[in-house]
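Engineer: Make a model of this:
(chains A and B)
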There are 2 protein chains.
Amino acid sequence: MTGAEALLRTLLDADINICFSNPGTSEMHFVAALDNNENMRCVLGLFEGVVTGAADGYARMAGKPAATLLHLGPGLTNAMANIHNAKRGPSAMVNVVGDHASYHLQYDAPLTSDVPAIAATMSDWVKTSKSADKVATDGAEAIATAMSGSGKIATLILPADVSWNETEHGAAKVNHFPPPAAVNDTVIQQAANALTSGEPCMILMGGSISNERQILAANICAHSSARLACETFTSKIARGAGCPEVERIPYMTEFALDVLKDLKHVILVGTDAPVSFFAYPNLPSELLPETCSVHGLASLDQDMDDALKRLSQALKVDTTAPLIEHTAVTLPQGDLNSESIAQSIAAQLPEHTVIVDEGIVGGMGVFGATTTAAHHDWILQTGGAIGWGLPAAAGAAIAVPDRKVVCLEGDGSAMYTIQALWTMARENLDVTTIIFANRQYAILQIEYSRVGAEGMGKNAAAQMSLSNPDINYVELATSMGVSATKASNAEEFNQQFAHAMATPGPHLIEAEI
Amino acid sequence: MTGAEALLRTLLDADINICFSNPGTSEMHFVAALDNNENMRCVLGLFEGVVTGAADGYARMAGKPAATLLHLGPGLTNAMANIHNAKRGPSAMVNVVGDHASYHLQYDAPLTSDVPAIAATMSDWVKTSKSADKVATDGAEAIATAMSGSGKIATLILPADVSWNETEHGAAKVNHFPPPAAVNDTVIQQAANALTSGEPCMILMGGSISNERQILAANICAHSSARLACETFTSKIARGAGCPEVERIPYMTEFALDVLKDLKHVILVGTDAPVSFFAYPNLPSELLPETCSVHGLASLDQDMDDALKRLSQALKVDTTAPLIEHTAVTLPQGDLNSESIAQSIAAQLPEHTVIVDEGIVGGMGVFGATTTAAHHDWILQTGGAIGWGLPAAAGAAIAVPDRKVVCLEGDGSAMYTIQALWTMARENLDVTTIIFANRQYAILQIEYSRVGAEGMGKNAAAQMSLSNPDINYVELATSMGVSATKASNAEEFNQQFAHAMATPGPHLIEAEI
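Structural biologist: I've put the predicted structure just below:
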């Protein structure tokens, strides 16, 4: 078999059976291998940012990595903004990046670039496979790495000749890393001491936060009169009915400083001490007060649930934190704005929906409004690289085809990877995208004054406005095969959202706010 | 003034008065500086690949660099495929990439990445400015580098605090590099010897090839019975009436080997010895026969015109090569296909049009058909990273607003940076885009068999088909404010192309082939 075939069988044997792809000439033998193995589902993206954004969304919901197939250096660079988001999740991802045949690189043909150097800037693991005989074991190493801890970015560079050469070795077996290690007793005891100190204390969680973990942590907090919070942009969090109350650290540095200002202890589970998303003149980078002690209970690569259980035992926790009950919400009427959209979604959200949040300013209100909605999962853009939402929604829908996916998307951020709509249409994915069409980079309008920039003349306004011309998102979606409607008031939005929730397949609502 | 203001004034003083931009929070002070300086024209791209592709198209037609403004590592990675194309042009470009405030980097906030390492993979020059006092001189160094030789990629990283801090230094003066150096007499004599050897000889040109240079070289070839050719993907070439005949090296390795097989000498002007675009099993990487001597007459960073003039003098050239006369072409009738589209364009092409070629398979015929068309310039996708055509057309139109720009675009390649249509609409650019809508990655269908891959089952076909659903490019264009029509036969295309040539502003024709 070819090296490509050996690699592909290695992926399949490891239960990686989705390949998001945008191949080119140097990947044609891998495509031929895909063709021989129909149990590998191939999902084409029309731009590489769609490919890796979808792989990220998939991994967050499937709990295992997808493979991606990318074409040389430029294909990889196009993919990298969403690799960055995935790395910051963290998410698991196995990237297969084709390169020129090894003997061809020296000729510096037009598409030549330093693929390993590019890959290294945003991967946890990079390797160039040297021969068809070795590519399966290289692939197994990539898979093992990707699946270690809370997920890693593994990028395997596949020269065309490694792909097309024959090998007598078949698929390689993945030697998985040991499961996340238990933390030592000292950190359990330090956290217990903090929680029994009588001083203001918070447990702060990050990464992919299951409801079970939230309940473990909430019971500890209830027992200890501590606060329970999650980081601003956590990878995934279970929410709504059946979950305990969890604070979310505000995005705005000013507000974050305020909510954290009285703390004496923060216990970290799967996150680091919170810092400001950007630097601002006259605001600190570190959000915790100087007098606050930071206790790392368990990192993303350690056994977080075990640590919380042992902490609970150490504290002899017998308190049960209240769980949120589903609260009926009336449908909004009148003006369409961030608040009425949030209210409509909260009122109508089906149980087990996955909300993919890249709503930026327009979508900010939905998180709060859905606190008491039906039980759902929320996944967030973790790295700040916009253009993640639509692809991630596509990937999430592939991972959990029996659940509704609602994508909250800013009109500006939608445009970075708008090609994802076509993939939703081709794969008939059950994604409802809500475009918060405020016709501006509203976040920049806010940030402009926050950083102390002054004046808003022609040039500045032009950089932040999405008008002139207004984009018609309904036409844009239908041009790529996604049925779409526009809502200009709350009643229209209520009806359109209800229709989308009742009707499988891709929908887009342009919410004019 | 702020560091950003000092940098901006340095750019303006160096006559860089276009900034293609997609800013974020860390660039807000640069935006404020733009706002203070209305003689800097700011052109917003809704995706960073639009920004750098436009800067490349602009530089090729303006003969000087534009500035770009990009947001941190992910903004830069999104921009890099078209930086790669520009570097391979080569084109001149001054990238200003914002980064976190220097003191904020240590906190590893979500948007943190190694911006210098990313930039280094596809720039000729990278520097992180260390202070507001130094940023103007750093900018001047970037400008000088970008404008050296045939053009370079200079990437200046601008930490937010360098941007917002005050400085008493104003704009810095650019110390331009000396103009391209003359080649030495030895290489002139070696080329002269080759041309008088009586053996089969070719002058092969690359880079930006003016008509004057072509005539110089053509006269030498006419005098010496040598062949005159240009590389497959040259940055820019004057064509049509008034130009001499110039062969173009075929893209297909098999054909290139055939046309080059009898050569004993190749004289290179602004290019390297030709190599295969990709490696293929059983085909060589080097296109010249082993028995062919390669003579480097002048590189892209040397004075190519001077070298040709001196070679001409050495050979006592007194022959005048014939120049192409404009040949009237009848309008095609009946079926719409690559040939009839090429014929229609050749028949109706206005003088001084700029043709931006990313037509891939569907557009291949236009180059040949326009050989005897009205005089025009042709710019090509030089690095093989698709998603260049639409942005480059936008940039070219900004550089030469009094000329028509015709963009030949594959339906697959169009989708990588489709957001460029919005910029064309906003800036009301005189670009007519022709989408060769064959509903497939036709190049991959060809390459698949060329690399020896076999079988075309479900998975392979799905990776190469752009159907299911077909994209409606008319709706896609109008959704972003570009007027668009669909042509299904030659008569419709003739009429729509004539209308576009007669009517300023952006147009798109979806040519169903």
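Engineer: Pull the contacting residues for the nearest residue to residue A:359 once chain neighbours are set aside.
Structural biologist: The shortest distance from residue A:359 to any non-neighbouring residue, by C-beta to C-beta, 6 or more residues apart in numbering or on different chains, is to residue A:408 (3.4 Å). The C-beta positions use only the backbone N, C-alpha and C, and glycine is treated the same way. Listed by C-beta atoms under 8 Å, 6 or more residues apart in numbering or on different chains, the contact set of residue A:408 reads A:355, A:356, A:357, A:358, A:359, A:363, A:366, A:389, A:434, A:436.
Engineer: for residue A:408, helix, strand, or coil?
Structural biologist: strand (DSSP: H, G, I helix; E, B strand; the rest coil).
Engineer: do you know how far it is from residue A:143?
Structural biologist: Remark: distance between residue A:408 and residue A:143 (C-beta to C-beta, to the nearest Å) = 32 Å.
Engineer: For the stretch 201-350 of chain A, which residue gets nearest to chain B?
Structural biologist: Proximity of the stretch 201-350 of chain A to chain B (C-beta to the nearest C-beta) peaks at residue A:279, 3.6 Å away.
Engineer: Now that that residue has come up, it's in contact with residue B:103, right?
Structural biologist: Yes - between residue A:279 and residue B:103 a contact is recorded at 7.0 Å, counting by C-beta atoms under 8 Å.
Engineer: Compare these two (neighbour count), which wins?
Structural biologist: Using other C-beta atoms under 10 Å in any protein chain shown, the more surrounded residue of residue A:279 and residue B:103 is residue A:279, with 25 against 12.
Engineer: what are the phi and psi values for residue A:118?
Structural biologist: phi -60, psi -50 (degrees, to the nearest 10).
Engineer: Same check on the one 4 residues further on?
Structural biologist: Note on residue A:122: backbone dihedrals following degrees, to the nearest 10 are phi -140, psi 20.
Engineer: related to what we said a few turns ago, overlap in contacts, residue A:279 and residue B:103.
Structural biologist: With C-beta under 8 Å, 6+ apart as the test, residue A:279 and residue B:103 both reach A:285, B:161.
Engineer: those helices in the stretch 351-500 of chain A, which residues are they?
Structural biologist: A:364-369, A:389-399, A:411-414, A:420-426, A:442-450, A:458-464, A:473-479, A:490-502 (DSSP state H, counting those that start in this stretch).
Engineer: typo on my end, it should be the stretch 201-350 of chain A
Structural biologist: Per DSSP H, counting those that start in this stretch, the stretch 201-350 of chain A carries helices over the ranges A:211-224, A:253-260, A:304-314, A:338-348.
Engineer: Run the chain-centre distance for the shortest one.
Structural biologist: Distance, stretch centre to chain centre, for helix A:253-260: 24 Å (C-alpha atoms, centre = their mean, to the nearest Å).
Engineer: what residues does that helix touch?
Structural biologist: If you take C-beta under 8 Å, 6+ apart as the criterion, helix A:253-260 is touched by A:202, A:232, A:247, A:249-250, A:266, A:274, A:276-278, A:280, A:283-284, A:287-289, A:292.
Engineer: on that earlier part again, mind giving me CSV with the helices of the stretch 201-350 of chain A and columns for mean pLDDT and distance to residue B:133?
Structural biologist: As requested, the helices of the stretch 201-350 of chain A are exported to CSV (pLDDT from 0 to 100; distance: least, C-beta to C-beta, whole Å):
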stretch, mean pLDDT, distance to residue B:133
helix A:211-224, 98, 49
helix A:253-260, 97, 27
helix A:304-314, 98, 47
helix A:338-348, 98, 43
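Engineer: could I get these as a markdown table with mean neighbour count?
Structural biologist: Shown next, in a markdown table, are these (neighbours: other C-beta atoms under 10 Å in any protein chain shown):
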| stretch | mean neighbour count |
| --- | --- |
| helix A:211-224 | 21 |
| helix A:253-260 | 16 |
| helix A:304-314 | 20 |
| helix A:338-348 | 23 |
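Engineer: Same list (those helices) but as a markdown table, adding distance to residue A:60.
Structural biologist: Converted to a markdown table, these look like this (distance: least, C-beta to C-beta, whole Å):
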| stretch | distance to residue A:60 |
| --- | --- |
| helix A:211-224 | 15 |
| helix A:253-260 | 24 |
| helix A:304-314 | 16 |
| helix A:338-348 | 20 |
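Engineer: Go through those and name the closest to residue B:12.
Structural biologist: In terms of C-beta to C-beta, the element of those nearest to residue B:12 is helix A:253-260, at 33.3 Å.
Engineer: tell me the angle of that closest one relative to helix A:442-450?
Structural biologist: Per axes from the mean of the first three to the mean of the last three C-alpha atoms, to 10 degrees, the angle that helix A:253-260 makes with helix A:442-450 is 80 degrees.
Engineer: before we move on, the earlier item: buried only: go through the contacts of helix A:253-260 for me.
Structural biologist: Among these, those buried by neighbour count (16 or more other C-beta atoms under 10 Å in any protein chain shown) are A:202, A:232, A:249, A:266, A:274, A:276-278, A:280, A:283-284, A:287-288, A:292.
Engineer: Filter the residues you listed down to the ones in strands?
Structural biologist: Within the buried ones among the contacts of helix A:253-260, residues falling in strands by DSSP state E are A:202, A:266.
Engineer: Residue A:208: which of the buried ones among the contacts of helix A:253-260 is nearest?
Structural biologist: Closest to residue A:208, out of all of the buried ones among the contacts of helix A:253-260 and judged by C-beta to C-beta, is residue A:232, at 15.2 Å.
Engineer: who touches the closest residue to the closest one other than its chain neighbours in this structure?
Structural biologist: In space, residue A:232 comes closest to residue A:249 once its chain neighbours are excluded; the distance is 4.8 Å by C-beta to C-beta, 6+ apart. By C-beta under 8 Å, 6+ apart, residue A:249 lies in contact with A:204, A:229, A:230, A:231, A:232, A:256, A:259, A:260, A:274, A:287.
Engineer: isn't the second one right up against residue A:245?
Structural biologist: Okay, so that is residue A:229. No - Residue A:229 sits out of contact with residue A:245 when judged by C-beta under 8 Å, with a separation of 10.0 Å.
Engineer: Beyond the longest helix anywhere in chain A, next helix or strand please.
Structural biologist: Longest helix in chain A by number of residues, with DSSP state H as the criterion: helix A:72-88. As assigned by DSSP states H and E, the chain's next helix or strand after helix A:72-88 is strand A:93-99.
Engineer: just checking, what packs against that following strand?
Structural biologist: helix A:48-62, strand A:67-71, helix A:72-88, helix A:115-120, helix A:135-146, strand A:153-159, helix A:160-164 (3 or more C-beta pairs under 8 Å, 6 or more residues apart in numbering or on different chains; DSSP states H and E).
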